[in-house]
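[1] dropping the sequence and predicted coords here.
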Amino acid sequence: MMRYAFLMLLGCAGIALAKPNVVYILADDLGYGEVGYNGQEKIQTPELDAMAAKGMRFTDHYCGNSVCAPSRCSLMTGLHPGHAYIRANSPGYPGGQTPLPKGTETMGKLMQRAGYKTAIIGKWGLGSTWDSGHPNQQGFDHFFGYTDQRKAHNYYPEYLWRNSDKLMLDNGKGKKNDYSHDLMTVEALKFIDENQKKPFFLYLAYTIPHISYQVPDLAQYKDKDWPKNMKIHAAMTSRMDRDIGAIKRRLEELGLAENTLITFNSDNGAHGQFGSLEFFKTSGKLRGKKRLMYEGGVRSPMIAYWPGKVPAGTVNDHISAFWDMLPTLAELTGEPVQGKTDGISMLPALLGRNDKQQKHKYLYWELYEGSPNQAVRFGKWKGVVADRRKGMKIELYDVTSDEGEQADVASEHPEVVEKIRQMMKDARVPSPYWDKDNKPLFNAKAACDANGVEPLPPRQKNKKKK
C-alpha cells in the first residue's frame, strides 16, 4: 500500500524511478544559524548552500531532542522522547550510552528488509560493540566510527571500530596523524563505490563541530583576526562542508545523483561553548542552544537534495521532526514499519506536495539532564517547561511571529496553555530508567541491571591539595 502511494506521488510529478539510494548526513552540535543558507556570515558553507539552492530547505524541522543520544534514538526508532527508550545521555553506563534493546525497530532494519545495503559511518552513541546496541545488531551491515559518544569528543583517537574490529590509528603519545573526520569521509566514499550497483542506505553521522576543537589546519581562516578557538570552529565546519560536496560529486560521477536522496540535519542545537554562540550567532535569531527546549536547542537546519524529484530552490514550512524519518523511509521503499511509530511520513513534503502531506497535531520533547525540561510545538504555539523540578510552569510563545521566543504570552492564552499541559501528560509514558523515584533523573543502576552490565563507579571529584 505504501509503495503504491509513493508511486502515485511520483506519477503525479511525472517521475519514473528505480529504488532510490538514501544518504542521511547528520552533523553534531551544528546550530540552526551556522550555515550560509540560514544566514551565517562568517563561516563558509558553499557546498551546503548550493545544495539548499538546488534542493529544499525546511524551516520547521526539529531534532529528536536537544542533546545527542536521545535525539539519535528518536531518529533511529521513529519514537518521540515521551516514548523513546533513551531519553538523555547516560552518565554511569559503560560504553558511553544505554544500548538500544534487542528487537528494536530501526531505520537500518527497515532498509535491510527493503533490500538495501546499509551503513552507519561516524558517531553511533546507541550502544557498544559488546551489547544489543551494536550497529550490526540494529540493522547496519557496515559500521565504521565511534560507538562510545564520549570517545567521539576526540578527533585524534587511538582507535575506531570497523564493525567489531578495533582499527588502531597513528595517534597517541604526542602523535596526531589520523583525523577521524577525514577517515569517515574516505570510508563513506568507499561504501558508495562498492555498492553503486545496488540500492544503499548510508547514515553518515559526522562529529563536527562538537568539541574538542581540533582540526589539521585552519584553511581559509588562518589569517583572520579572530580568537584561535573561533578559527578552529570555522575550519572544522567548512571542512565538513567540503567533504559533503565531495560525496555529492562522487554520486554525480557514478551516475547516481538523480536516484539518490540526500538529507542533511544536525542532532541538536549549537553547543555554544568558548563564545561561539555569540561570535558566530550559531543559533541565528533563535533563542537557546543545546540542552534547552527553546528553538535554538531543537530546531534543525534541514535540507533535502534530490535532482529532478525534490523541487529545486524551494522552502518548506511543514512542521516535522526526526521521528518522521522512519515512516518516510517506509513510504519511500514500500517496506512497512514493524511496530509503533510517532512519526508521519514527510515524503509528500519532500516531493513538493504539501497539499498531500499529513500533519502532526503536535510535537513533543522531554529531556532528563541539566534542568529536566519539556516542550510542545502545537501549530503556531510553543509551550516550554524550563525546569520540571520547579513545577509545571508552562511558558508560551507564538513562534510564527516571535521566532526568538522573547514574549511569554501564557497569561494571555490560558486555554492554549491548558491544552499544551494535557498534551504533555498524554504524550509520555514513564520509564524506570529515566524516572527515578518519580523525579526526572537517569537511573543508571536500573538501566545497567536491565541490560546485564555493571554500572561505572561514580566520578570522583578532584580534591584540592592542602
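    Good, I have the coordinates. Numbering: from 1, shown residues only.
[2] so where do the helices sit in the protein?
    Using DSSP state H, the helices of the chain run over 2-12, 46-53, 68-77, 107-113, 180-194, 228-253, 276-280, 295-298, 325-333, 347-350, 414-427, 444-451.
[3] identify whichever of the ones you listed lies nearest to Y203.
    helix 107-113 (7.0 Å; C-beta to C-beta). Every residue, glycine included, has its C-beta placed from N, CA and C.
[4] G78 and I25: what is the separation?
    19 Å (C-beta to C-beta, to the nearest Å).
[5] who has more neighbours, those two?
    Legend: neighbour count by other C-beta atoms under 10 Å for G78 and I25, higher for G78 (30 against 25).
[6] report the separation between the residue nearest to that one when sequence neighbours are not counted and L286.
    Of all residues not flanking G78 in the chain, L326 sits nearest, at 3.1 Å (C-beta to C-beta, 6 or more residues apart in numbering). According to C-beta to C-beta, L326 stands 26 Å off from L286.
[7] how's the protein carved up into domains?
    As given by automatic domain parsing, the domain ranges for the chain are 19-356, 363-451.
[8] endpoints of the shortest one, how far apart?
    In this case it means domain 363-451. This stretch, domain 363-451, spans 30 Å end to end (C-alpha to C-alpha, to the nearest Å).
[9] what mean pLDDT does that domain get?
    Here domain 363-451 scores 89 as its mean pLDDT.
[10] check the offset of that domain from the chain's centre.
    20 Å (C-alpha atoms, centre = their mean, to the nearest Å).
[11] list the buried ones in stretch 276-296?
    By neighbour count with 16 or more other C-beta atoms under 10 Å, stretch 276-296 contains the buried residues 276-277, 279-284, 286-296.
[12] point out where this protein drops to low pLDDT.
    1-17, 435-441, 458-466 (pLDDT under 70).
[13] quick one: the residue minimising distance to the centre of the chain and Y364, what's the gap?
    Nearest to the mean C-alpha position of the chain, counting by C-alpha atoms, centre = their mean, stands D267 at 2.7 Å. Going from D267 to Y364 by C-beta to C-beta gives 18 Å.
[14] now E187
    In terms of C-beta to C-beta, E187 sits 35 Å off from Y364.
[15] and D131, by the same measure?
    28 Å.
[16] higher neighbour count, the two?
    Y364 (25 against 21).
[17] which residues touch the more buried one?
    Neighbour list for Y364: H80, P81, G82, Q374, A375, V376, M423, M424, A427, R428 [criterion: C-beta atoms under 8 Å, 6 or more residues apart in numbering].
[18] reformat those residues into a markdown table and put neighbour count and distance to G92 next to each item.
    Below are the contacts of Y364 laid out as a markdown table (neighbours: other C-beta atoms under 10 Å; distance: C-beta to C-beta, whole Å):
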| residue | neighbour count | distance to G92 |
| --- | --- | --- |
| H80 | 27 | 25 |
| P81 | 30 | 20 |
| G82 | 20 | 23 |
| Q374 | 25 | 23 |
| A375 | 28 | 26 |
| V376 | 24 | 29 |
| M423 | 20 | 31 |
| M424 | 22 | 27 |
| A427 | 19 | 27 |
| R428 | 19 | 23 |
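[19] in CSV: these, plus distance to G103.
    Shown next, in CSV, are these (distance: C-beta to C-beta, whole Å):
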residue, distance to G103
H80, 19
P81, 20
G82, 20
Q374, 28
A375, 29
V376, 30
M423, 29
M424, 28
A427, 23
R428, 22
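[20] among the residues you listed, name the ones in strands.
    Q374, A375, V376 (DSSP state E).
[21] these two touch, right, the second one and A386?
    What that stands for is A375. No: with contact defined as C-beta atoms under 8 Å, A375 does not reach A386; the gap is 9.4 Å.
[22] between the two, which contacts overlap?
    Common neighbours of A375 and A386 (C-beta under 8 Å, 6+ apart) are M293.
[23] show me where the stretch 251-400 of the chain has strands.
    260-266, 303-305, 314-316, 320-321, 363-367, 373-378, 381-385, 395-398 (DSSP state E, counting those that start in this stretch).
[24] distance from the fourth one to the middle of the chain?
    Right, strand 320-321. 11 Å.
[25] so which other helices or strands are in contact with that strand?
    Where contact means 3 or more C-beta pairs under 8 Å, 6 or more residues apart in numbering; DSSP states H and E, strand 320-321 is packed against strand 61-62.
[26] please name every helix or strand in contact with the strand it packs on.
    strand 320-321.
[27] got a list of contacts for the strand it packs on?
    For strand 320-321, the external contacting residues (C-beta under 8 Å, 6+ apart) are 58, 60-64, 74, 80, 343-344, 346, 349, 360, 363.
[28] buried members of those residues into PyMOL, please.
    Selection command for PyMOL covering only the buried members of the contacts of strand 320-321, criterion 16+ other C-beta under 10 Å:
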select buried, resi 58+60+61+62+63+64+74+80+343+344+346+349+360+363
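[29] name the nearest of the contacts of strand 320-321 relative to G245.
    Ranked by distance to G245 (C-beta to C-beta), those are led by F58 at 20.1 Å.
[30] okay, and the beta partners of the closest one?
    N316 (DSSP bridges).
[31] pretty sure the residue nearest to the centre of the chain contacts G31?
    No: contact criterion C-beta under 8 Å: D267 and G31 do not qualify, at 11.4 Å.
[32] one step back: what count of nearby residues applies to the residue nearest to G78?
    26.
[33] contact partners for it?
    By C-beta under 8 Å, 6+ apart, the residues touching L326 are M76, T77, G78, E105, T106, M107, L110, V337, T341, G343.
[34] nearest residue to the first one other than its sequence neighbours?
    The one in question is M76. Nearest to M76 is T106, by C-beta to C-beta, 6+ apart, at 4.8 Å.
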